Structure formats: C-alpha cells, structure tokens
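1. Got a sequence here, can you model it:
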Amino acid sequence: MTTIVAFHAHADDPVLLSGGTLARAAADGHRVVVVVATDGMAAQHPTPRWAELEASAAILGVRRVVHLGYADSGHGPELYPDPPGRQRFARADTEEAAHRLAAILHEEHADLLLGYDAGGGYGHRDHVKVHEVARRAARLTGTRLLEATMPRDFALRFVRVLRALRIPFDYDAEALERAYSPASSVTHRFDVRRFAGRKQAALAAHVSDVRGTGRLAAVLRLLVWLPAPLFAVVAGREWYVEVTQAGSAPALQVPARSRRR
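-> All right, here's what the predicted structure looks like:
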C-alpha cells in the first residue's frame, strides 16, 4: 500500500481534476489523503462547502481531508481583503505554505503528491499558488510529484460543445488557448471510466456549487445530470504531467487518497 496526497485549491477541485484517479487508487488499497488549501469561504460569504467536501471525499474512498489553513481568494480582478484571522491563499508566502504541506507529507509518509500544472489549469489565482506550493513542498521532501492537467485541445473541444449547447460559461477565449497543457507534455493518462459513477456522485455531493450561481454552476449541473454512460465518456479520463526533478519515489501504477478533517 502506498500513500498519495492530493493537494487542491478549493472544495470541488478534487473531484473535477482527479476524482476518478483517487477512487481508483482507493479501490486498489492505497491510502489517499486530500489537502485543500482554502476553507470553503467564498470571496465574501461563508458556504457549506467543507461539509460537502467531506461527503464527496467519502464517496471516492478518501480517508483523510486536511485544510491547509487559508481562505479562498475568489476569482476576478478584485482580491478581497483577508478575513479576520486568516489570509487569502493567493497572498500566502509560498515558502510558509510549502512547509505546511511538507509537514503533512512527512506525517503521512507520502509516496506521491498530486498538484496542478504550471498555469493552474485555467489560471485561477489559487490554482497557480497550488502549483507553486506543491513544487516547493515536493522539493523539500523529495516526494514524487504529478501535476493534474488536461490536454489543451480536449479543453477547447469541451468549451466548443458547451457553446454549441448554449450552456452559460464565462470564459476568456484567448486565455483558454494557453490553459492547461499541450498533449505532448502529458506523461500519465488514466482510464477511470470504471469509476465514473463514483466521480459523478462525488460531484453531485457539492450541492452548493451545483445549485449555485457561480461561473461554473451551469457546467456542473450538466455534468451531474448527464446519463452515466455519457458522463463516463466525458469525464472518464484524467491526465497528469510528472515533474521529474521533484524526487525519486518508487513508481506507482495509480494514485489514491484518504480522509479526515
């Protein structure tokens, strides 16, 4: 059994970017731990997202869920002031945050860390910070690092389908041309169609996001409402880029994760 620590920015990110990978790893007997940088506070208002994260993680087989201690930075041009007693993750000192994550990696005797690609996927400020913090923590601990991503051409095709279906989705076309990763840089492709049902159920557990009015709410509702076979086609593959300089932990066939607050 190996231990996989998946580091994510927000409550719903573990499902969207690596839910099938985590479910597959847990089913194979690996210990899976999810570390989320932010605590489920929206840019201005508290939400029930943490409880939904715990429910979602349980569906995937995660054994421990850890909050790194920061507040959500929100999306958009304005970065709100820090809430009392906490710091927005985008403002966090990368070295300090990396040491917090490294302490969890040491505590868990982690074999593998999952982070985000260099652009933080679609460029959210908290996702970019996850990329920076994960890379530094991997170097501090010598933990093997895989960065969750998707081939850029796949992301662009998906957005074109959303536009054709007239699904509301606020996006910057120019930014999408630079989002995620070119297919040539992807080092790991996991077929997780067998776990698509768990992934879809775990996504549905994020009720406040699915039923909300956020930028991705309409897309999340579409994914949750898709017939299971179609969801497996759309979300049955997950991709990673390995950062070889991060360490030399033994190779794994599949990553996994665990649970606790």
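
2. residues near Pro81, how many?
-> Counted with other Cβ atoms under 10 Å, residues neighbouring Pro81 total 7. Placement of C-beta: from N, CA and C, glycine included.

3. Equivalent analysis for the one 5 residues further on, please.
-> Taking other Cβ under 10 Å as the neighbour definition, Arg86 ends up with a count of 14.

4. before we move on, what about Gly74?
-> Gly74: 18 neighbours (other Cβ under 10 Å).

5. mind listing the strands for the stretch 101-250 of the chain?
-> 112-116, 144-149, 188-191, 237-243 (DSSP state E, counting those that start in this stretch).

6. Give me the pLDDT for Glu95.
-> Looking at Glu95, its pLDDT is 98.

7. That one is in contact with Arg136, isn't it?
-> Yes. Using Cβ atoms under 8 Å, Glu95 is in contact with Arg136, at 6.7 Å.

8. out of those two, which sits in the more crowded spot?
-> Using other Cβ under 10 Å, the more surrounded residue of Glu95 and Arg136 is Arg136, with 18 against 12.

9. which one is the more buried one nearest to, not counting chain neighbours?
-> Leaving aside its sequence neighbours, Arg136 sits nearest to Ala98 (Cβ to Cβ, 6 or more residues apart in numbering; 3.7 Å).

10. Just want the angle from the host helix or strand of that neighbour to strand 112-116.
-> Using DSSP states H and E, Ala98 sits in helix 94-108. Following axes from the mean of the first three to the mean of the last three Cα atoms, to 10 degrees, one obtains 150 degrees for the angle between helix 94-108 and strand 112-116.

11. quick one: buried residues of helix 94-108?
-> Neighbour counts over helix 94-108 (16 or more other Cβ atoms under 10 Å) mark 97-98, 100-102, 104-105, 108 as buried.

12. if I pick Ala148, what's in contact with it?
-> Listed by Cβ atoms under 8 Å, 6 or more residues apart in numbering, the contact set of Ala148 reads 17-18, 114-117, 121, 238-240.

13. could I get the residues you listed as CSV with pLDDT and neighbour count?
-> Formatted as CSV, the contacts of Ala148 follow (pLDDT from 0 to 100; neighbours: other Cβ atoms under 10 Å):
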residue, pLDDT, neighbour count
Leu17, 89, 25
Ser18, 97, 31
Leu114, 98, 29
Gly115, 98, 28
Tyr116, 97, 29
Asp117, 95, 24
Gly121, 86, 24
Glu238, 97, 24
Trp239, 96, 24
Tyr240, 97, 24
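
14. in the stretch 1-150 of the chain, which ranges drop under the pLDDT threshold?
-> 40-47 (pLDDT under 70).

15. Would you map the helices across it?
-> Taking DSSP state H, counting those that start in this stretch to define them, one finds helices in the stretch 1-150 of the chain at 13-27, 49-60, 94-108, 120-123, 125-141.

16. and Leu223, how many residues sit next to it?
-> Every residue meeting other Cβ under 10 Å relative to Leu223 is counted, giving 19.

17. And the pLDDT at the residue sitting furthest away from the middle of the chain?
-> Residue farthest from the centre of the chain, counting by Cα atoms, centre = their mean, is Ala164 at 26.6 Å. As predicted, Ala164 sits at a pLDDT of 75.

18. any chance of the strands of the stretch 101-250 of the chain in CSV, with distance to Ala90 too?
-> Converted to CSV, these look like this (distance: least, Cβ to Cβ, whole Å):
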stretch, distance to Ala90
strand 112-116, 14
strand 144-149, 19
strand 188-191, 28
strand 237-243, 22
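
19. Any regions of the stretch 151-261 of the chain where pLDDT drops low?
-> 169-174, 245-261.

20. quick one: the residue farthest from the centre of the chain and Phe158, what's the gap?
-> Ala164 sits 11 Å away from Phe158, going by Cβ to Cβ, to the nearest Å.

21. Ok, which of the helices of the stretch 1-150 of the chain comes nearest Thr3?
-> Nearest to Thr3 among the helices of the stretch 1-150 of the chain is helix 94-108 (5.1 Å), distances taken as Cβ to Cβ.
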